[in-house]
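[1] Task: produce atomic coordinates for the following.
(one chain, ligands or ions: 2)
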Amino acid sequence: MPPRIHYAKIKYNRNIGPGFFRMLLACPDAAREARPGQFIMLQVSDSTDPLLRRPFSLCGIGNDTIEILFRIAGRGTSLMASWRPEQIVNFIGPLGRGFEIPETAQAVYIIAGGIGIAPLLALTQSIEQNKTIPDTCIFFGGKTAEDVAVIEDFKPLSATVFTATENGSQGFHGLVTDLFLNHLQHQRAADIDRTGVFGCGPQSMARVLGAIAGKHSITCQLSLESMMACGVGSCLGCVVKTQTIQGSGCQQPSEPGSFQYRRVCAEGPVFDSRELVWEGE
Ligand SMILES: Cc1cc2nc3c(=O)[nH]c(=O)nc-3n(C[C@H](O)[C@H](O)[C@H](O)COP(=O)(O)OP(=O)(O)OC[C@H]3O[C@@H](n4cnc5c(N)ncnc54)[C@H](O)[C@@H]3O)c2cc1C
Ligand code: FES
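    Ligands and ions are numbered 1, 2, ... in the order given. You can find the predicted model right below:
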């Protein structure tokens with residue numbers, strides 16, 4: 001079904017921490033279609049400032065609602081922070097390719113950096129509802145304790161949560177990828193084999209996470225944060241370099257060792273980490 005514009009009523013727009021907001025939107029049609037890992041392109045202004053819609057991942061999917069978690073970053077998100085319940089807003093979506101939970105997974109590791117936690121909360125919610133995977137761990141990193149405090153607002157989660165901060169103000173002192181690697185090194189190889197890894201965060205984090213997964217031969221799905229103009233596959237402004245791997249679902253025929261540029265908004269934002277070819281590789 002082609003993406004279309006949905007009009008939604010704001011149920012709440014709650015400030016849950018310094019610069020962080022949770023916004024619940026009533027929109028039954030979009031909620032029915034939505035999958036964890038997908039995003040919406042939200043119109044943030046009635047004027048031309050800003051002109052372009054802004055992308056936001058779904059952090060929650062209900063029967064009649066979708067939810068986003070956003071952090072004030074600039075003009076658009078500052079305007080969004082002033083929105084009130086009952087206000088009508090519009091968005092295009094749900095868009096993009098979401099996460100796929102491997103049928104054989106017995107455990108799931110979720111690794112999030114900063115606001116990258118948003119799509120992974122919807123994934124956690126979906127895993128909890130399906131009740132098929134007994135063991136879910138979230139590794140959540142930020143610069144400071146304030147960055148990781150947002151997860152408190154989403155409890156109770158049945159997942160075990162480990163936090164890391166770059167300044168050491170909460171949890172592990174250092175990068176979330178180092179915290180995850182420490183954890184992995186204490187797991188049995190047989191358990192790692194039945195584990196699915198899902199990540200979202202800044203590009204540097206995604207790259208390291210992909211390398212860790214590759215080294216341990218774990219399936220890893222990464223949701224990429226890329227700059228987007230149209231969000232619907234038209235402008236080609238969001239492309240990333242990829243290579244075809246077996247079972248990736250990519251239909252384009254390609255020679256071994258050849259590359260393709262693929263649109264994060266249309267073929268992503270979720271990619272198998274083995275598909276991604278990073279700068280300098
Ligand atoms: C698929 C996708 C999902 C996203 N999901 C979320 C989410 O769930 N919650 C959330 O808070 N943010 C999310 N973002 C980022 C969000 O779209 C930007 O923060 C937002 O567009 C900034 O708009 P602005 O007008 O407030 O800031 P601007 O004035 O446009 O920019 C302010 C700063 O934010 C940076 N920025 C702008 N767009 C992006 C972007 N796409 N990625 C990274 N940095 C950006 C700019 O470089 C600049 O430094 C997502 C981005 C993508 C591509
Ligand atoms: S943002 Fe335009 S093609 Fe992806």
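[2] which non-adjacent residue is nearest residue 67?
    Leaving aside its chain neighbours, residue 67 sits nearest to residue 60 (3.4 Å; criterion: CB to CB, 6 or more residues apart in numbering). Every residue, glycine included, has its C-beta placed from N, CA and C.
[3] tell me the pLDDT at that neighbour?
    pLDDT for residue 60: 97.
[4] what sits against it?
    24, 66-67, 121-122, 125 (CB atoms under 8 Å, 6 or more residues apart in numbering).
[5] at 10 Å instead, please
    22, 24, 31, 34, 36, 66-69, 118, 121-122, 124-126, 154 (CB atoms under 10 Å, 6 or more residues apart in numbering).
[6] Have a look at the protein and report its longest strand.
    strand 5-17 (DSSP state E).
[7] Please see if stretch 67-79 touches ligand 1.
    Yes - contact of stretch 67-79 with ligand 1 (CB under 6 Å from any ligand atom) involves 68-71, 73-77.
[8] Check those and tell me the two furthest apart.
    With distance counted by CB to CB, no two of the residues of stretch 67-79 next to ligand 1 lie farther apart than 69 and 75, which are 19.0 Å apart.
[9] Mind checking which of the two has more residues around it?
    Shown here are residue 69 and residue 75; by other CB atoms under 10 Å, residue 69 has more neighbours (24 against 13).
[10] For ligand 2, what's the nearest residue on the stretch 1-150 of the chain?
    Among the residues of the stretch 1-150 of the chain, residue 55 lies nearest to ligand 2; the distance is 8.0 Å by CB to the nearest ligand atom.
[11] Check the secondary structure at that residue for me.
    strand (DSSP: H, G, I helix; E, B strand; the rest coil).
[12] pLDDT score for it?
    In the predicted model, residue 55 carries a pLDDT score of 97.
[13] For residue 127, see how far away it is.
    For residue 55, the distance to residue 127 (CB to CB, to the nearest Å) stands at 23 Å.
[14] ok, now residue 91?
    25 Å.
[15] Flag every residue of the chain that's near ligand 1.
    39, 50, 54-57, 68-71, 73-77, 115, 118, 225-228, 269.
[16] buried subset of these?
    Buried subset of those (neighbour count, 16 or more other CB atoms under 10 Å): 39, 54-57, 68-71, 76-77, 115, 118, 225, 228, 269.
[17] In strands, which of the residues you listed appear?
    Secondary structure assignment by DSSP E places 39, 54-57, 68-71 of these in strands.
[18] Could I get those residues in TSV, plus columns for distance to residue 5?
    TSV is the format used below for these (distance: CB to CB, whole Å):
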residue	distance to residue 5
39	15
54	15
55	15
56	15
57	19
68	16
69	22
70	20
71	25
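[19] Pick the one among those closest to residue 159.
    Checking those against residue 159 by CB to CB gives residue 69 as the nearest, at 16.1 Å.
[20] which ones are touching that closest one?
    The contact partners of residue 69, taken as CB under 10 Å, 6+ apart, are 16, 20-23, 56-60, 115, 117-119, 121-122, 150-151, 153-154.
[21] Then residue 241?
    Contact analysis of residue 241 by CB under 10 Å, 6+ apart lists 259-262, 275-279, 281.
[22] again, but for residue 76
    Contacts of residue 76 by CB under 10 Å, 6+ apart are 42-45, 49-54, 56, 70.
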